[in-house]
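Engineer: Model the following, please.
(one chain, ligands or ions: 2)
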Amino acid sequence: MFYNIISEFIGFSGCVKYFVNKEVRNITKNTLKYLFIVIWNIFYICQRKTNRMALYNKRSKVELKTLLTKESFKRITISFYKYGNIIDPQSYRDELYIKWIELQCYGRIYIAKEGINAQMSVPEFNLQQFLDDLESDNYLKGISIKYAVEDDGKSFYKLTIKVRHKIVADGLDDGAFDVSNVGKHLSAIEFHELVDHPETLVIDMRNHYESEIGHFKGAVCPEADTFREEIEMVVDQFENQKDRKILLYCTGGIRCEKASAYLRYSGFKDVNQLHGGILEYARQIKLLKLESKFMGKNFVFDDRLGESINGEVISHCHQCGKKCDTHTNCANDLCHILFLQCDECASKYEGCCSNDCKSILLMPAEERHLHVKTFGRKFGNRKSFRKSIDHKINLTTHING
Ligand SMILES: [Zn+2]
Ligand SMILES: [Zn+2]
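Structural biologist: Numbering: from 1, shown residues only. Ligands and ions are numbered 1, 2, ... in the order given. Here you go, the predicted structure:
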């Protein structure tokens, strides 16, 4: 009897032990399995990150700018764009980045499913290779390149290629109208033939901060801060003049592609556009030795911020009203507004747009940090800033007679 009880107990504990061991074995097996999967994933992500890092710039702005000044070769500033379907913008972007970083190209390039828009600086010794590469690229083959008029080669200090929803932030619903139904493209000579005619309506399709430093004589320059706003203003303003001959222009022609199609869709009958924009116009008049009908500076979206077309200064310092066409960003980072500032005002206001911004700039970092929320709301509205500076300019003009 006793023996039976003992043997039953041993049998029972043996079974428990067996099952517990089986559990432990399974748990260990599963833990190892999951640990392996986690390690593999970490390894995979790290490797991907390392690979992708090669496709983006990681150096600081100061370092890059120093490198640029130390360069002993010349750079050529160019721009080009194309509307046309790109099936996989991300892989095309990576492909171009690898090619262009190899050729030491710098610039700002936007790629979207609808096309590509590029502003670049290419080392002179690599220019031919760069152009050959474009020709061997199925998508970019035959693209028209615009060369900068004033070029110190310091237009860009790094290569940035971004994938975007659109290559120009136009805010338009492309599905609503025929984007390929563009206006008639005009050469510089054709543009000259029409520009002075009293029935012609010349419209600057750029933002106000661009047109205020340079535009065609007699052009309409709407006070718009964005392209979308600009198009709406033009359609509203000329609602009753849809039969007039319209001449559109912009920096490199890309904005007019969309604007002209939209104006035609809105019922404007005779829409024309300057082929290749002001950039190509400047090149053609130089080549043909024609007198420029464009006055002042052409605003460009690189570190130069503008290139003079006829050497004239048509705008004024936003702070003292003196003749000036130098754009600058307010030195107070919370504001950073783009405005016109002469050298004297730059030293008087320490590069800031106002006394308010100057006092913030001079604040100790901790104090500034405490006020970030309040400042954030106060600054950064270009329109209200323009109204206040217009007032100052009128005042100065009035005082100076
Ligand atoms: Zn000034
Ligand atoms: Zn400011």
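
Engineer: domains of the chain?
Structural biologist: What automatic domain parsing lists as the domains of the chain is 72-163, 179-304, 315-400.

Engineer: wait, which of those domains is closest to ligand 1?
Structural biologist: Nearest of these to ligand 1, taken as C-beta to the ion: domain 315-400 at 3.1 Å. The way it works is simple: take the backbone N, C-alpha and C, and place the C-beta from them, glycine included.

Engineer: got the residue ranges for the strands in the stretch 251-400 of the chain?
Structural biologist: Under the criterion DSSP state E, counting those that start in this stretch, the stretch 251-400 of the chain contains strands at 270-274, 294-298, 307-308, 327-329, 338-340.

Engineer: mind putting those strands in TSV, distance to residue 132 and mean pLDDT included?
Structural biologist: Output for the strands of the stretch 251-400 of the chain, formatted as TSV (distance: least, C-beta to C-beta, whole Å; pLDDT from 0 to 100):
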stretch	distance to residue 132	mean pLDDT
strand 270-274	29	97
strand 294-298	29	92
strand 307-308	27	82
strand 327-329	36	90
strand 338-340	37	90
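
Engineer: Tell me the residues on this protein that lie near ligand 2, please.
Structural biologist: 330, 332, 335, 353, 357 (C-beta under 5 Å from the ion).

Engineer: close enough to count as contact, the third one and residue 351?
Structural biologist: Translated: residue 335. No. Residue 335 lies out of contact with residue 351 (C-beta atoms under 8 Å); the separation is 10.9 Å.

Engineer: re the thing from before, return the member of the domains of the chain having the minimum mean pLDDT.
Structural biologist: Per-stretch mean pLDDT for the domains of the chain is lowest at domain 315-400 (a mean of 76).

Engineer: re earlier: I'd like the domains of the chain as JSON lines, with mean neighbour count and distance to ligand 1 appended.
Structural biologist: Listed next are the domains of the chain as JSON lines, based on neighbours: other C-beta atoms under 10 Å; distance: least, C-beta to the ion, whole Å:
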{"stretch": "domain 72-163", "mean neighbour count": "17", "distance to ligand 1": "23"}
{"stretch": "domain 179-304", "mean neighbour count": "19", "distance to ligand 1": "14"}
{"stretch": "domain 315-400", "mean neighbour count": "16", "distance to ligand 1": "3"}
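
Engineer: mind listing the helices for this structure?
Structural biologist: Remark: helices assigned in the chain by DSSP state H are 2-53, 61-70, 89-102, 127-136, 188-195, 208-211, 227-237, 254-265, 277-288, 343-348, 355-362, 365-370, 372-378, 382-400.

Engineer: rewinding a little: possible to save the domains of the chain as a markdown table with distance to residue 63?
Structural biologist: Formatted as a markdown table, the domains of the chain follow (distance: least, C-beta to C-beta, whole Å):
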| stretch | distance to residue 63 |
| --- | --- |
| domain 72-163 | 9 |
| domain 179-304 | 16 |
| domain 315-400 | 20 |
